[in-house]
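K.L.:
Take this sequence and fold it.
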Amino acid sequence: MHKKTQEITDLLIKAAEKARKETSGEPEPGLTSPINWPIDCVVGPGLEGAIACESKIGYVNGTKGWLIYRGYDIFDLCINSTYEEVSYLLLHGELPTEVQLKVYKKKLTQCFNVPETLRTLLSFSIEKMHPMAILRLGLNMLRQEFTKADQADHKPSADSSIATDADTIAMEFAPRGEEHAIFEFKKKKREEEEAAAGINSCYRLIGGAAAITAAMNRIRSGHFPIEADPELSFAANFLFMMTGKKPSVEEERIMDISLILHADHGMNASTFAAMVVASTLSDIYFSIGSGAAALSGPLHGGANEQVIHMLKEIGSVENVKPWFVKARKDKRKISGFGHRVYKAYDPRARILGPLAKHLAKQNKEFGPLFKIAKELEKEVVSSFGKEKKIFPNVDFYSGIVYHALGIPAEMFTPIFTVSRVAGWTARVNEYLENNRIFRPRAMYIGPFNKKYLNGNL
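P.N.:
Residues are numbered from 1 along each chain as shown. Model (predicted):
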């Protein structure tokens with residue numbers, strides 16, 4: 001192993017040891033066992049606390065700061081694995097054998113090749129669009145390139161359906177899970193349909209999202225897209241195709257770890273969005289596009305971009321405290337801190353923090369920004385950590401790491417998306433095995449018995 005990557009591995013081992021000392025214990029018994037439907041649960045606004053399905057893919061314990069993929073602790077995966085292995089694990093349920101990994105890596109590299117999609121994107125003024133808008137558009141273009149799903153003779157008709165929308169069925173009260181999927185179309189033996197729904201489409205989306213993101217970065221910086229190098233890993237190719245230069249082993253390793261950390265994270269907003277669309281039996285491309293649309297929101301995937309702007313606004317270590325005092329007075333949201341789920345230190349931040357420090361030692365220009373970040377962390381944690389359980393989240397340090405790698409801030413959320421496609425596709429495929437269209441209710445609080453009067457016109 002290269003000396004610099006060994007240094008990175010040693011940092012991760014220390015982070016894992018610290019985390020395990022602080023977060024030992026058993027999983028939550030009420031959230032880690034098979035469900036006997038129907039169930040009772042406490043639901044808050046935004047469906048908080050609602051149980052929508054069972055999953056074997058990932059587990060987040062916010063109280064203890066755990067993140068598990070298919071039974072594997074996130075620290076173990078970052079120390080020992082690669083993004084190719086982890087994405088295969090999420091999709092197939094087991095880590096690949098040596099032969100399976102070799103075949104899978106070759107397929108992913110081939111999936112970087114999306115010429116029709118890139119040609120179509122070049123017809124748009126993408127230099128004037130936010131990268132997430134371009135990526136959402138590009139995901140739809142992948143659908144056009146690899147399927148014929150939008151052709152008139154391909155669409156399923158109402159006559160071919162086994163069941164129609166939920167509103168036509170008496171299920172408004174106390175819906176119960178069914179043994180088999182209710183809302184589905186009769187299967188057709190078409191090669192295009194199999195391509196749209198099969199595992200190969202998941203591979204195409206993982207590779208295609210990376211290729212689109214890399215190409216848009218090249219185009220926005222005044223360069224032409226470049227093809228993947230079959231000799232490089234997924235992480236190395238991604239950096240190579242974004243920057244035009246082959247990354248160092250250290251840069252490759254850090255990007256690989258970052259992709260692993262973002263690959264899945266429970267039933268978050270973007271995952272839920274993808275699954276809701278998939279539950280209607282829309283195809284995998286539209287479903288993943290919906291996930292990307294949700295991730296583009298500043299309350300979800302856009303926060304790491306805001307972290308860099310915030311740190312640059314603070315400007316110096318000496319200005320951290322007065323800036324923080326004013327931010328509290330103004331009730332300003334401090335990007336990169338706190339999490340909807342975690343009431344402990346985000347395990348992803350435990351890994352990315354040491355990586356950011358490592359990069360700061362290597363890059364004197366980056367050092368001052370990292371010092372500002374550490375000082376801000378100290379202020380926030382001392383003020384809110386013990387009482388309100390507010391700590392750095394994945395966005396705080398991921399933005400810093402990407403910035404140190406020379407990646408523009410507007411590309412941070414697309415990189416997040418590239419990684420998360422693996423989790424989205426895995427969860428969509430799992431849910432469709434026992435599909436039930438999502439159909440929550442809203443509580444009506446409006447008036448009744450209003451009279452229509454002509455005078456209102």
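K.L.:
Y285 contacts M141, doesn't it?
P.N.:
No - the pair Y285 / M141 is not scored as a contact, 9.4 Å apart, by CB atoms under 8 Å. Backbone N, C-alpha and C define where each C-beta goes, glycine included.
K.L.:
Can you pick out the residue with more neighbours from those two?
P.N.:
Y285 (24 against 20; other CB atoms under 10 Å).
K.L.:
Find the helix or strand that the closest residue to that one other than its chain neighbours is a member of.
P.N.:
Leaving aside its chain neighbours, Y285 sits nearest to R143 (3.6 Å; criterion: CB to CB, 6 or more residues apart in numbering). Using DSSP states H and E, the element containing R143 is helix 131-146.
K.L.:
Now do that helix: distance to the chain's middle.
P.N.:
16 Å (CA atoms, centre = their mean, to the nearest Å).
K.L.:
What number of residues are in the vicinity of I284?
P.N.:
26.
K.L.:
no wait, K357
P.N.:
17.
K.L.:
what's the pLDDT at it?
P.N.:
Listed pLDDT for K357 reads 93.
K.L.:
which stretch of helix or strand covers the nearest residue to it once chain neighbours are set aside?
P.N.:
Nearest residue to K357 in three dimensions, chain neighbours excluded: F370, at 6.6 Å (CB to CB, 6+ apart). Using DSSP H and E, F370 sits in helix 367-380.
K.L.:
how much space between the residue nearest to K357 and L239?
P.N.:
21 Å (CB to CB, to the nearest Å).
K.L.:
picking that back up, give me the contact list for the helix holding R143.
P.N.:
114, 116-117, 120-121, 124, 126, 149-150, 195-196, 201, 204-205, 208-209, 212-213, 216-217, 220, 283, 285-286, 288-289, 292-293, 295-296, 301-302, 410-411, 413-414, 417 (CB atoms under 8 Å, 6 or more residues apart in numbering).
K.L.:
Narrow the residues you listed to just the buried residues.
P.N.:
114, 117, 120-121, 126, 149, 195-196, 201, 204-205, 208-209, 212-213, 216-217, 220, 283, 285-286, 288-289, 292-293, 295-296, 301-302, 410-411, 413-414, 417 (16 or more other CB atoms under 10 Å).
K.L.:
Show me how this structure divides into domains.
P.N.:
Listed by automatic domain parsing, the domain ranges of the chain are 3-172+181-302+407-432, 303-401.
K.L.:
Rebuild these as TSV, extending it with distance to N449.
P.N.:
Shown next, in TSV, are these (distance: least, CB to CB, whole Å):
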stretch	distance to N449
domain 3-172+181-302+407-432	22
domain 303-401	39
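K.L.:
L122: neighbouring residues, count only.
P.N.:
12.
K.L.:
Any figure for the gap between it and I134?
P.N.:
Taken as CB to CB, the span from L122 to I134 is 11 Å.
K.L.:
Lowest-scoring secondary structure element of the chain by mean pLDDT?
P.N.:
Least confident helix or strand, the chain: helix 191-197 with a mean of 46, by mean pLDDT, DSSP states H and E.
K.L.:
Can you name the next helix or strand after it?
P.N.:
Using DSSP H and E, the helix or strand that directly follows helix 191-197 along the chain is helix 199-220.
K.L.:
tell me the mean pLDDT for that following helix?
P.N.:
96.
K.L.:
mind listing what's buried in the helix or strand hosting Q6?
P.N.:
Using DSSP H and E, Q6 sits within helix 3-22. Under the neighbour-count criterion of 16+ other CB under 10 Å, helix 3-22 has K4, T5, I8, T9, L11, L12, A15, A16, A19 buried.
K.L.:
what comes up buried for the helix holding F370?
P.N.:
Quick answer for helix 367-380 (16+ other CB under 10 Å): L369, F370, K371, I372, A373, K374, E375, L376, E377, E379, V380.
K.L.:
Now do that helix: which elements does it pack against?
P.N.:
helix 303-314, helix 320-329, helix 347-362, helix 394-404 (3 or more CB pairs under 8 Å, 6 or more residues apart in numbering; DSSP states H and E).
K.L.:
how does it look with 6 Å?
P.N.:
With contacts taken as 3 or more CB pairs under 6 Å, 6 or more residues apart in numbering; DSSP states H and E, helix 367-380 sits against helix 303-314, helix 320-329, helix 347-362.
K.L.:
For those helices, give me a markdown table that also has distance to I74.
P.N.:
Compiled in a markdown table, these are given as follows (distance: least, CB to CB, whole Å):
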| stretch | distance to I74 |
| --- | --- |
| helix 303-314 | 18 |
| helix 320-329 | 29 |
| helix 347-362 | 5 |
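K.L.:
hang on, isn't M255 packed against A235?
P.N.:
Yes - using CB atoms under 6 Å, M255 is in contact with A235, at 4.2 Å.
K.L.:
Run through who's touching stretch 342-350.
P.N.:
Applying CB atoms under 6 Å, 6 or more residues apart in numbering, the external contacts of stretch 342-350 come out as 15, 19, 62-65, 67, 74, 261, 339, 389, 391-394, 397.
K.L.:
Give me the buried entries from these.
P.N.:
Buried, going by 16+ other CB under 10 Å: 15, 19, 62, 64-65, 67, 74, 261, 339, 391-394, 397, out of the contacts of stretch 342-350.
K.L.:
Show the pLDDT at the closest residue to R204 other than its chain neighbours.
P.N.:
Nearest residue to R204, sequence neighbours excluded (CB to CB, 6+ apart): C111, at 5.0 Å. Note on C111: pLDDT of 96.
K.L.:
Could you list the low-confidence segments of this structure?
P.N.:
1-2, 148-197, 455-457 (pLDDT under 70).
K.L.:
Let's see that with 50 instead.
P.N.:
By pLDDT under 50, the weakly predicted segments of the chain are 158-174, 181-192, 194-196.
K.L.:
Would you check that V114 makes contact with A209?
P.N.:
No - using CB under 6 Å, V114 is not in contact with A209; the gap is 9.5 Å.
K.L.:
quick one: Y59 is in a helix?
P.N.:
No - counting by DSSP: H, G, I helix; E, B strand; the rest coil, Y59 is not found in a helix; it is strand.
K.L.:
how far away is the nearest residue to it once chain neighbours are set aside from G423?
P.N.:
Excluding the flanking residues, the one nearest Y59 by CB to CB, 6+ apart is I68, at 4.1 Å. Distance, I68 to G423, using CB to CB: 13 Å.
K.L.:
For the two, work out which one has more neighbours and name it.
P.N.:
For I68 versus G423, neighbours defined as other CB under 10 Å are more numerous around G423 (26 against 20).
K.L.:
Now the more buried one: closest residue in space, sequence neighbours ignored.
P.N.:
In space, G423 is closest to D264, 3.1 Å off (CB to CB, 6+ apart).
K.L.:
Report the contact partners of the one you found.
P.N.:
G58, Y69, L90, G423.
K.L.:
burial of the first one, as a residue count?
P.N.:
This means G58. Neighbours around G58, by other CB under 10 Å: 22.
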